[in-house]
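Enquirer: model this:
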Amino acid sequence: MDHGADPRTTDRTTSRAGGPPRLVREDGSPVRVLVVDDEPMLGELLSTALRYEGWQVESALTGRAAVKTAAALDPDVVVLDVMLPDMSGFDVLRRLRDARPRVPVLFLTARDAVEDRIAGLTAGGDDYVTKPFSLEEVVARLRALLRRAGAATAEEDARLVVGDLVLDEDSHEVFRGGEEIRLTATEFELLRYFMRNPRRVLSKAQILDRVWHYDFGGQANIVELYVSYLRRKIDAGRAPMIHTLRGAGYVLKPADQG
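Expert: Here you go, the predicted model:
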């Protein structure tokens, strides 16, 4: 299906060097985002990109599930598909706003006619993006909505820590168990992506898109090769942290959690 995120225009928004500051809630906890789209692969791609921002993300495939999830999550912003299997996104918005009158909503839709945009904004949506879209654009628009809604800028540590593995995003230094590990630029980007998503299974397609910005197709050997390079440096002589899930992808976990 053509409707969705355009992988060729995917951003690398979490690169701290020169990148935008991380947004958080007023109490310093992660921003909460609800993603509502009936296409599971698209929803997961978008959710992964938003988690890469350091945000807490929950997803829903239907309007009813969205209303239920919002009640438990109390989201700071909602990404909402207009065309859902059980009700329209406009109906979902009305129900969400009954409980949360000020929650910002970004509509996603395959409809690009002017009247559809007007309908979405008239219904109370705060912004509107048509499919196919770039993840970079969606992230930028969500950041703008969150800033207007009062999200704070985090004074965050430049280090990512998973178990005894530490990556410093400012100095580009990596340590495991206090021992420095020297990585190439590509190995560093791959490890950073793993450490931004600990305990999450990342497919070869996601890794290829995020680290190399390639469309997925015949390039899986590049991912396999660089994962093997990382393993030799990160896991050599130690309890393994990088695990392969056949047919699914790779996952980084603290060694003491297997």
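Enquirer: tell me how far G150 lies from S29.
Expert: According to Cβ to Cβ, to the nearest Å, G150 and S29 sit 14 Å apart. Quick note: C-beta positions are derived from backbone N, CA and C, even for glycine.
Enquirer: any idea how far stretch 58-78 is from the chain center?
Expert: 16 Å (Cα atoms, centre = their mean, to the nearest Å).
Enquirer: try stretch 198-208
Expert: Using Cα atoms, centre = their mean, the offset of stretch 198-208 from its chain centre is 11 Å.
Enquirer: next: stretch 243-253.
Expert: With Cα atoms, centre = their mean, you get 18 Å for stretch 243-253.
Enquirer: of all the residues in that stretch, which ones are buried?
Expert: Buried residues in stretch 243-253, counted by 16 or more other Cβ atoms under 10 Å: 249-253.
Enquirer: helix, strand, or coil at L160?
Expert: strand (DSSP: H, G, I helix; E, B strand; the rest coil).
Enquirer: which strand residues bridge it?
Expert: L160 forms beta bridges with L167, as assigned by DSSP bridges.
Enquirer: list the contacts of it.
Expert: 166-167, 169, 192, 195-196 (Cβ atoms under 8 Å, 6 or more residues apart in numbering).
Enquirer: what of R231?
Expert: Here R231 is in contact with 240, 242 (Cβ under 8 Å, 6+ apart).
Enquirer: let's see 6 Å
Expert: Going by Cβ atoms under 6 Å, 6 or more residues apart in numbering, R231 touches I242.
Enquirer: that one sits in which helix or strand?
Expert: Counting by DSSP states H and E, the element that carries R231 is helix 220-234.
Enquirer: hmm, who's touching the helix or strand following that helix?
Expert: Next helix or strand after helix 220-234 toward the C-terminus (DSSP H and E): strand 242-245. Identification of contacts with strand 242-245 by Cβ under 6 Å, 6+ apart yields 201, 231, 250-252.
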